[in-house]
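> the sequence isn't on hand, but the structure is:
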């Protein structure tokens, strides 16, 4: 199973662009490239469209000098040694240790522009199933998108992938018409083997597929909300879901973000605002710091807690009064896939002293973001900014450690009170304790994935279409 690709489609991050910066944000135009660089390189704008190998290399080097957060530390690289534009791009990235002893840049990437465009709508061509290793090393279905080919084939959470028999595209997230995969499958590890063939087709993922009321062991009502993606439309769905929670008078909230590896930062800001109370209004949710050539961006780049919609989608207009739960404590179910905008929710709430109890495994550790820049059919995403909360904290490249350690319980459906991570959260609501599950010392299971083009951060202009791309 070493070649299994298991990262779910539908992961991406966002950030923000002030009206004064609109001309340099969004739409694939990037955020710089009009002025000559301080290092003597030509302005990237003057090199755009020179689609020879050398021309593209010169463009990439100049663009990084203009926008890259760590532009001063870019290593000296002999461009003639690289025949692949992608390998040249990655050779320029800064991987020296950060304050946590980890490579500074683990997230910048380049991808075919057509692939980036395909995900700008939140729609992909795929199978609609995310596989994950369980504690015994078996490939299990962790999440199945409603209405997807996997859903139609009867694949459900906890089902086991036994053996791949045939496929014409190696990825589980092909985004290619005509892709198929034939494999042996069990409905659970004890069930009989059956054969399934999945044919990829258009899948529209739902960022908020489940919201319900669940009781604690002592009978207290709690709200459970499965939130998989800070994508286009997620803000509207979150507002609707939390209006329901507020109308029921529920005072305990469990946000299941174990599969949410990022998305638009304005969605994170709206979610955190709805969780918090009016006392947080006007305080910093996240401030963005760019390189020293872009002080204007840094001065303008602040998201604040608010009563109302700041960046409207299709249902709730700008200025719409969002529900405010006024919670002093919130529970998040996490995993190593909890990343980017999801971590911004954690960090932003802690910045205004909302207690955030994490149940699961350590999050991915990505306090950074970037815009999209297109050239010669490729889309580039170099890290451009770092985010900090109201207390000035943003050094979480090692991730946020759980309050109560637990791994994904693939033997129970999401949202069931008996599902492992949710059960710990419900017990903690009653007792303030993690319980026996913590003492078992669960460790995160390695998730095999496609090449690491994940946890994507975006700049979103105040008006215009949202941008989105694929993780791998």
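That came through, no problem. In this text, all values refer to a predicted model and were calculated from it rather than measured experimentally.

> mind jotting down where the helices sit in the stretch 351-472 of the chain?
Using DSSP state H, counting those that start in this stretch, the helices found in the stretch 351-472 of the chain span residues 420-431, 436-439.

> nope, the chain is what I was after
With helices called from DSSP state H, the chain shows them at 44-47, 53-67, 85-91, 113-118, 149-152, 234-247, 265-275, 295-300, 341-351, 420-431, 436-439.

> to residue 310, which of those helices lies closest?
Nearest to residue 310, of all these, is helix 265-275, at 6.5 Å by C-beta to C-beta. Every C-beta, even on glycine, is put in place using the N, C-alpha and C of the backbone.

> got the angle for that closest one vs helix 341-351?
Taking axes from the mean of the first three to the mean of the last three C-alpha atoms, to 10 degrees, one finds helix 265-275 and helix 341-351 inclined to each other by 40 degrees.

> ok, back up a step: quick check: which of the helices of the stretch 351-472 of the chain is buried the most?
Each of the helices of the stretch 351-472 of the chain was scored by mean neighbour count; the highest is helix 420-431, a mean of 22, by mean count of other C-beta atoms under 10 Å.

> distance from that one to the middle of the chain?
Distance, stretch centre to chain centre, for helix 420-431: 25 Å (C-alpha atoms, centre = their mean, to the nearest Å).

> and that helix, average pLDDT?
The predicted model gives helix 420-431 an average pLDDT of 98.

> what's that helix packed up against?
Helix 420-431 sits against strand 210-215, strand 221-226, strand 253-256, strand 329-334, strand 355-360, strand 404-405, helix 436-439, with contacts defined as 3 or more C-beta pairs under 8 Å, 6 or more residues apart in numbering; DSSP states H and E.

> can you redo these as JSON lines with mean pLDDT and distance to residue 368?
Shown next, in JSON lines, are these (pLDDT from 0 to 100; distance: least, C-beta to C-beta, whole Å):
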{"stretch": "strand 210-215", "mean pLDDT": "98", "distance to residue 368": "30"}
{"stretch": "strand 221-226", "mean pLDDT": "98", "distance to residue 368": "26"}
{"stretch": "strand 253-256", "mean pLDDT": "98", "distance to residue 368": "22"}
{"stretch": "strand 329-334", "mean pLDDT": "98", "distance to residue 368": "19"}
{"stretch": "strand 355-360", "mean pLDDT": "98", "distance to residue 368": "20"}
{"stretch": "strand 404-405", "mean pLDDT": "98", "distance to residue 368": "26"}
{"stretch": "helix 436-439", "mean pLDDT": "46", "distance to residue 368": "31"}
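
> out of these, flag the one nearest residue 283.
strand 355-360 (15.7 Å).

> give me the most central residue, this protein.
Geometric centre of the chain, nearest residue: residue 262, 1.6 Å, by C-alpha atoms, centre = their mean.

> for the residue lying closest to that residue once chain neighbours are set aside, give me the pLDDT.
Excluding the flanking residues, the one nearest residue 262 by C-beta to C-beta, 6 or more residues apart in numbering is residue 340, at 3.0 Å. With respect to pLDDT, residue 340 has a value of 92.

> got the domain ranges for the chain?
Domain assignment for the chain by automatic domain parsing gives 123-204, 210-367+386-444.

> so what's the gap between the longest one and the chain middle?
Here the centre of mass of C-alpha atoms in domain 210-367+386-444, compared against the chain's by C-alpha atoms, centre = their mean, lies 12 Å away.

> just the shortest one next, same as before
Centroid separation for domain 123-204 versus its chain: 21 Å, with C-alpha atoms, centre = their mean.

> where does this structure dip in pLDDT?
Applying pLDDT under 70 to the chain flags the ranges 1-39, 117-122, 436-472.

> and the gap between the residue nearest to residue 201 when sequence neighbours are not counted and residue 186?
Excluding the flanking residues, the one nearest residue 201 by C-beta to C-beta, 6+ apart is residue 149, at 5.9 Å. According to C-beta to C-beta, to the nearest Å, residue 149 stands 18 Å off from residue 186.

> who's more crowded, these two?
Between residue 149 and residue 186, counted using other C-beta atoms under 10 Å, the more crowded position is residue 149 (23 against 17).

> give me the number of residues near the residue nearest to residue 262?
Residue 340: 35 surrounding residues under other C-beta under 10 Å.

> cool, residue 106 as well?
Residue 106, neighbours per other C-beta under 10 Å, totals 18.

> related to what we said a few turns ago, any idea how far the residue nearest to the centre of the chain is from residue 209?
Residue 262 sits 17 Å away from residue 209, going by C-beta to C-beta.

> circling back to that earlier point, for residue 357, find the nearest of the helices of the chain.
Here helix 420-431 is closest among the helices of the chain (C-beta to C-beta), at 6.3 Å.

> contacts for the closest one, please.
Under the contact criterion C-beta atoms under 8 Å, 6 or more residues apart in numbering, helix 420-431 has outside partners 214-218, 220, 222, 224, 252, 254, 256, 258, 331, 333, 357, 359-360, 403-404, 406-409, 412, 414-417, 433-435, 437-438.

> and if you look at stretch 212-228?
Where contact means C-beta under 8 Å, 6+ apart, the residues beyond stretch 212-228 that reach it are 8, 10, 143, 205-211, 234, 238, 241-242, 245, 248, 250, 252-257, 259-260, 271, 414-415, 417, 422, 425-427, 429-430.

> just the buried subset of the residues you listed, written out for PyMOL, thanks.
To isolate the buried members of the contacts of stretch 212-228 in PyMOL, using 16 or more other C-beta atoms under 10 Å:
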select buried, resi 8+10+143+205+206+207+208+209+210+211+234+238+241+242+245+250+252+253+254+255+256+257+259+260+271+414+415+417+422+425+426+427+429
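
> run a quick neighbour tally on the spatially closest residue to residue 230 that is not a sequence neighbour.
By the measure of C-beta to C-beta, 6+ apart, the closest residue to residue 230 outside its immediate chain neighbours is residue 263, 2.1 Å from it. Around residue 263 there are 34 other residues, counting by other C-beta under 10 Å.

> thought residue 263 was touching residue 231?
Yes: using C-beta atoms under 8 Å, residue 263 makes contact with residue 231 at a distance of 5.1 Å.

> can you redo the helices of the chain as JSON lines with distance to residue 133?
Output for these, formatted as JSON lines (distance: least, C-beta to C-beta, whole Å):
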{"stretch": "helix 44-47", "distance to residue 133": "42"}
{"stretch": "helix 53-67", "distance to residue 133": "36"}
{"stretch": "helix 85-91", "distance to residue 133": "27"}
{"stretch": "helix 113-118", "distance to residue 133": "26"}
{"stretch": "helix 149-152", "distance to residue 133": "18"}
{"stretch": "helix 234-247", "distance to residue 133": "27"}
{"stretch": "helix 265-275", "distance to residue 133": "28"}
{"stretch": "helix 295-300", "distance to residue 133": "40"}
{"stretch": "helix 341-351", "distance to residue 133": "21"}
{"stretch": "helix 420-431", "distance to residue 133": "15"}
{"stretch": "helix 436-439", "distance to residue 133": "19"}
